[in-house]
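Peer 1: Dropping the sequence and predicted coords here.
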Amino acid sequence: MYDYAKLLHLIAGIVWMGGMTFMLFALRPAAMATIEPQPRAMLMGRVWQRFYAWVLVAIVVLFATGTHLYTATFRTAKEATGTGSVPLGWNVMLVLGVTMMLVFGHIFFAGFKKYKRAVSGADWPLAAKAGALIQKMTLLNFVLGWAAIVSVRLLR
Ligand code: HEM
C-alpha cells in the first residue's frame, strides 16, 4: 500500500511540476514573443483551463497520498518507540505542499477567474495584468515545489 501511495504521489508531483516547467519556460515565453496580445490571451486562457483541471486532480492525489505516507510512518514509529517522529524534510514538505495548494487556490480563484472575465469582456490590459499575476504565482509554486522535493530528499 505504501509503495502504491508513493508511486501515485510521485506521478502527481511530476504532472504538476512538469506542467509548470513547460508553462513558465517554454509555452508562455514563446507565445509572448510570437503571438499578438488578443489571440495570445485566448490561447493562454484555453491552455490554463485544461492544465488547471490536471492540477486540481494532482492536488487531490498529492494531499491524499502525502498525508497517508506521513501518518502511516508516524504511526509505525509511535508503536515502535512510543514517540512518533518523522524526518524534518517530511514536515517541510507538508508545510510547503499545503502552501503550494493555497497559492494555487489564489491562482485559480483570483488570477484565473479575473483573467477569464477580462478575456470575455475584451479587456486586454486587465487580461495582461491577470496573466502576469498568474505567471508570478506559478513561479512561486515552482520554487516552493523544488524546495519541498529537495527537503524531503536531503533533510533528516
Ligand atoms: C500535503 C502535502 C504533502 C505531503 C503531506 C507530502 C508528504 C510526503 C512524504 C511523507 C514523502 C516521503 C515519502 C517517503 O520517502 O517514503 C513525500 C515524498 C515526495 N513528495 Fe510529497 N507531500 C506533499 C506534497 C507534495 C507536493 C506538492 C509535491 C510536488 C509537487 C510533492 C512531491 C514529492 C516527491 C517528488 C517525493 C519523493 C521524494 C523521494 O523520492 O523520496 N509532495 N511527500
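Peer 2: Structure received.

Peer 1: Could you give the average pLDDT over the longest helix anywhere in the chain?
Peer 2: Identified as the longest helix of the chain according to DSSP state H is helix 37-81. Averaged across helix 37-81, pLDDT comes to 97.

Peer 1: Just checking it against the ligand, any contact.
Peer 2: Yes. Applying Cβ under 6 Å from any ligand atom, one finds helix 37-81 touching the ligand at 62-63, 66-67, 69-70. Any C-beta I mention is one placed from the backbone N, CA and C, and that applies to glycine too.

Peer 1: any bit of the helix or strand that contains residue 143 sitting next to the ligand?
Peer 2: Element membership for residue 143, per DSSP states H and E: helix 124-154. Yes. Helix 124-154 reaches the ligand (Cβ under 6 Å from any ligand atom) through 145, 148-149, 152-153.

Peer 1: Rounded mean pLDDT for that helix, please.
Peer 2: Averaged across helix 124-154, pLDDT comes to 97.

Peer 1: ok, residue 16 - how many residues close by?
Peer 2: 23 (other Cβ atoms under 10 Å).

Peer 1: Would you enumerate the residues in contact with the nearest residue to it once chain neighbours are set aside?
Peer 2: Nearest residue to residue 16, sequence neighbours excluded (Cβ to Cβ, 6 or more residues apart in numbering): residue 58, at 4.4 Å. The neighbourhood of residue 58, defined by Cβ atoms under 8 Å, 6 or more residues apart in numbering, consists of 12-13, 15-16.
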